[in-house]
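A.B. asks: Need coordinates for the below:
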Amino acid sequence: MGKVIEKFPPRLLVDIGGVGYELEAPMTAFYDLPEAGGMVTLYTHLVIRDDAHLLFGFTDLRQRDLFRELLKISGIGPRVGLAILSGLTSEDLVGCISAGDADRLTRVPGIGRKTAERLIVELRDRFKSEAVGGSVTGDGRVLTPEEDAVSALVAIGYRAQDAAKAVTASRSEGDTVENIIRAALGRLAGGRA
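C.D. replies: This is a model prediction of the structure:
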């Protein structure tokens, strides 16, 4: 945890214990940062090159993990990875990859058609279950968000029929698994399942 000293996108200066760290962050992370003087927690990734040590900061673990996945792709370096995460939210990126939407990926500066297609081919299998918001069963079937929510509630001790009833009552179109679980827990805690 540190104090934001300066924000000059894509660079960010953070004071941690009297030492200033310069980081680069995607534009999507800047929306979540406090103003100068505010405290912030960032998840970092350090890239060591012959001529520099580059520190990249992210406001959540998922964004950092996506950045690391992008760096594993041939031809995608830190700058291009940062550009991708600046042009697309984490959810949008996973959705584009899973849906094979190369056109949307090519709208990101620095991403051509071949690079977009390579991203889709190399990352699709890793992101497939995330895009639909569900987990994968032992037989390879992807759970719907509702099934995933029921499974999570059963795992923490609720009866399957109570969990299913609460999830059905809590489901609204477009909700994430997390939102469905949160709403269902509210119903179960309030005895409205």
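A.B. asks: where exactly do the helices run in the chain?
C.D. replies: Secondary structure of the chain (DSSP state H): helices at 27-30, 61-71, 78-87, 90-99, 102-106, 113-131, 145-155, 160-170, 177-189.
A.B. asks: can you redo the ones you listed as a markdown table with mean pLDDT and distance to residue 52?
C.D. replies: C-beta coordinates here come from the backbone N, C-alpha and C atoms, glycine included. Compiled in a markdown table, the helices of the chain are given as follows (pLDDT from 0 to 100; distance: least, C-beta to C-beta, whole Å):
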| stretch | mean pLDDT | distance to residue 52 |
| --- | --- | --- |
| helix 27-30 | 88 | 21 |
| helix 61-71 | 91 | 16 |
| helix 78-87 | 92 | 10 |
| helix 90-99 | 85 | 26 |
| helix 102-106 | 90 | 28 |
| helix 113-131 | 77 | 24 |
| helix 145-155 | 78 | 42 |
| helix 160-170 | 86 | 49 |
| helix 177-189 | 83 | 38 |
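A.B. asks: tell me the domain ranges of the chain?
C.D. replies: If you go by automatic domain parsing, the domain ranges for the chain are 2-58, 61-131, 145-189.
A.B. asks: and the ones you listed as JSON lines, adding mean neighbour count?
C.D. replies: Output for the domains of the chain, formatted as JSON lines (neighbours: other C-beta atoms under 10 Å):
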{"stretch": "domain 2-58", "mean neighbour count": "14"}
{"stretch": "domain 61-131", "mean neighbour count": "17"}
{"stretch": "domain 145-189", "mean neighbour count": "17"}
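A.B. asks: tell me the contacts of residue 80?
C.D. replies: 70, 110, 111, 115 (C-beta atoms under 8 Å, 6 or more residues apart in numbering).
A.B. asks: what separates it from residue 18, distance-wise?
C.D. replies: In this view, residue 80 and residue 18 are 34 Å apart by C-beta to C-beta, to the nearest Å.
A.B. asks: Residue 68 too?
C.D. replies: When residue 68 is compared with residue 18 (using C-beta to C-beta), they lie 29 Å apart.
A.B. asks: same deal with residue 163?
C.D. replies: Note on residue 163: its distance to residue 18, by C-beta to C-beta, is 50 Å.
A.B. asks: Next: residue 179.
C.D. replies: 41 Å.
A.B. asks: cool, residue 30 as well?
C.D. replies: For residue 30, the distance to residue 18 - C-beta to C-beta - is 24 Å.
A.B. asks: Widest-spaced pair of the contacts of residue 80?
C.D. replies: Pairwise distances across the contacts of residue 80 peak at 11.8 Å for 70 and 110 (criterion: C-beta to C-beta).
A.B. asks: one step back: out of the contacts of residue 80, which one sits closest to residue 4?
C.D. replies: Nearest to residue 4 among the contacts of residue 80 is residue 70, at 25.2 Å by C-beta to C-beta.
A.B. asks: ok, the closest one to residue 93 distance?
C.D. replies: 9 Å.
A.B. asks: got any residues that touch both of these two?
C.D. replies: Common contact partners of residue 70 and residue 93 (C-beta under 8 Å, 6+ apart): 84, 85.
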